[in-house]
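A.B. asks: sequence and predicted structure below; questions after.
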Amino acid sequence: MSTIEEIILYQTAPHQCSYREDQLASTLFVDPDLEVTQETLTYLSQRGFRRSGEYIYLPNCETCSACISTRIPVKLFSPNRTQKRVWKRNKDLVINVTAPQMTDEIYDLYKRYIENRHADGDMYPATEEQYRSFLVDSYADSYFLEFRLEKKLVAIAVTDILENAYSAVYTFFDPDFAQRSLGVFSVLAQIEQTKIAKLDYLYLGYWVKQCRKMNYKLQYRPIELLVNDHWTQLG
């Protein structure tokens, strides 16, 4: 495995930040020609990088350091009252682990989710090519966590497999079942899967204090934040 000093990184020009309207953002990307193994992806995740499709990236803004990597030490995790209610509410769902795949059923769920929840974002409109490149065609060891109500597919959580952790990549669900809080339930289910696999952490991606949509991440306690290259635990 290469060290960070040996990995070629490319930085984008400043562009409008997706999380803060008052900021310009810059992003570091790992050399796309680098052979990324599970060991390499683990190492980069520990340093705050994230994977999106075939790209591994790290926010690297000149005047802002608001994007903070997060991970849950699953052996210490204790659900709060709301999370316990969400877990109980969804006990009737069947959870299956499958390989990343493209089917009409899954893509239809993904498309409806993007159109309903992210019509104002850069992932709209959804296309099959976008879906494949983002969630299926990857060098990473990944799996789909399927959630079904009887036979009906209601949610998918995409998860990367690291050496000592799982990494939550993306979750999409049926907008008609919003009352079930399937986003919360998918995180709780991934925590359970991490425990079952006897791994240490579930990575949740970036938390931005000023971004209301990311506040949910701090509801999972304890949680660790990567600050100044050191993981710090919040109880």
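C.D. replies: Structure received. Residues are numbered from 1 along each chain as shown.

A.B. asks: show me where this protein has its strands.
C.D. replies: 9-11, 15-16, 24-25, 27-30, 50-52, 55-59, 68-73, 93-98, 142-149, 152-161, 165-173, 201-207, 223-227, 230-234 (DSSP state E).

A.B. asks: out of those strands, which gets nearest to residue 104?
C.D. replies: Counting by Cβ to Cβ, residue 104 lies closest to strand 152-161 out of these; the figure is 10.8 Å. (Each C-beta comes from the backbone N, C-alpha and C, glycine too.)

A.B. asks: any idea how far the closest one is from the middle of the chain?
C.D. replies: 11 Å (Cα atoms, centre = their mean, to the nearest Å).

A.B. asks: so which elements touch it?
C.D. replies: On a contact count with 3 or more Cβ pairs under 8 Å, 6 or more residues apart in numbering; DSSP states H and E, strand 152-161 meets helix 104-117, strand 142-149, strand 165-173, helix 182-196.

A.B. asks: what's the angle from that strand to helix 182-196?
C.D. replies: Relative orientation of strand 152-161 and helix 182-196, computed by axes from the mean of the first three to the mean of the last three Cα atoms, to 10 degrees: 50 degrees.

A.B. asks: low-confidence stretches in the chain?
C.D. replies: Counting by pLDDT under 70, the chain contains low-confidence ranges at 1-2.

A.B. asks: how's it carved up into domains?
C.D. replies: For the chain, automatic domain parsing gives the domain ranges 4-67, 71-234.

A.B. asks: next, format the helices and strands packed on strand 152-161 as a markdown table and append distance to residue 35.
C.D. replies: Output for these, formatted as a markdown table (distance: least, Cβ to Cβ, whole Å):
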| stretch | distance to residue 35 |
| --- | --- |
| helix 104-117 | 29 |
| strand 142-149 | 17 |
| strand 165-173 | 19 |
| helix 182-196 | 26 |
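
A.B. asks: hang on, the earlier thing: now the domains of the chain in JSON lines, with mean neighbour count?
C.D. replies: JSON lines is the format used below for the domains of the chain (neighbours: other Cβ atoms under 10 Å):
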{"stretch": "domain 4-67", "mean neighbour count": "15"}
{"stretch": "domain 71-234", "mean neighbour count": "16"}
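
A.B. asks: of the strands of the chain, which is nearest residue 115?
C.D. replies: Of the strands of the chain, nearest to residue 115 by Cβ to Cβ is strand 165-173, at 10.9 Å.
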